[in-house]
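J.: Just the structure for this:
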Amino acid sequence: MVRELSWQWHILILLQIVSLSFQLNHEFVPEREDLFSDCTDKPGFQNIDKIADLSQFVRKRNKNGGIDIHGNITMKWDVQPSDRVSVEVGILKLEKGTWKPTVFKGVDKDFCKSFYDKNTIYYPHSTEHVINKEEVKDKCVNIPGTVLIVEPFQLKILINYAVPLTPGRHKALIIYTAFDKANVKRPNEICMEIIGDIVKG
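T.: Residues are numbered from 1 along each chain as shown. You can find the predicted model right below:
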């Protein structure tokens, strides 16, 4: 989230509640190296292409199973700079052909306020890698034309014992919603999924 960056990594970061102090024993392996899929059960929601141009943002799986990331992200969401942005994140597990919600769910009602905070759990896995953050720190996903320059790094999603997720197919569901100054919801909500498998490390 340079505040912006969070739009795409918020879910990954939450999955990574990670390596802080607990022993790691599982890994989340995304199905797609480009990470993001359209939401299959959210008709009427816009996809990731409506919030950002990722044509210059490289995501490629490496021989170690992680994903190498670098490049530019350009914001293009058609909302207003004064809008408040809310982010809802949930993890679902595939059980007998049906996606069922897990206990892992959260909402940040004003996520642009904290994305640059170095004390947040996601900073080392996202904002830290934006090399032009001084230039864009006052901007967020609601400001089209904002460009984030991301240095090369490897994203490897490790799950620790503290996270109540078990091996198997999961998907992370993330929804971005903008609210105007009167707190009225904008109609062009964004929804994206990251599908993959939690495997034993």
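J.: how about the helices in the chain?
T.: With helices called from DSSP state H, the chain shows them at 6-15, 133-136.
J.: Pick out the shakiest of these, pLDDT-wise.
T.: Per-stretch mean pLDDT for the helices of the chain is lowest at helix 6-15 (a mean of 51).
J.: Let me see the mean pLDDT of stretch 101-108.
T.: Stretch 101-108 comes out at a mean pLDDT of 86.
J.: Based on its surroundings, how many neighbours for residue 157?
T.: As a burial measure, residue 157 scores 23 neighbours (other C-beta atoms under 10 Å). All C-beta spots, glycine's among them, are computed from the backbone N, C-alpha and C.
J.: Apart from its neighbours in sequence, what residue is nearest it?
T.: residue 28 (4.0 Å; C-beta to C-beta, 6 or more residues apart in numbering).
J.: One more: residue 38?
T.: residue 47 (4.6 Å).
J.: Residue 176 bridge partners, please.
T.: residue 87, residue 190 (DSSP bridges).
J.: so how far is residue 45 from it?
T.: As judged by C-beta to C-beta, to the nearest Å, residue 176 and residue 45 stand 9 Å apart.
J.: still on that earlier bit, the residue nearest to residue 157 is in contact with residue 195, isn't it?
T.: No: Residue 28 lies out of contact with residue 195 (C-beta atoms under 8 Å); the separation is 10.3 Å.
J.: So these two - more neighbours on which side?
T.: residue 28 (22 against 19).
J.: Could you name every residue contacting both of residue 176 and residue 45?
T.: 189, 190, 191 (C-beta atoms under 8 Å, 6 or more residues apart in numbering).
J.: can you put those in JSON lines and add distance to residue 40?
T.: Below are those laid out as JSON lines (distance: C-beta to C-beta, whole Å):
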{"residue": "189", "distance to residue 40": "15"}
{"residue": "190", "distance to residue 40": "15"}
{"residue": "191", "distance to residue 40": "10"}
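J.: of these, closest to residue 200?
T.: Among the shared contacts of residue 176 and residue 45, residue 191 lies closest to residue 200 (C-beta to C-beta), at 30.0 Å.
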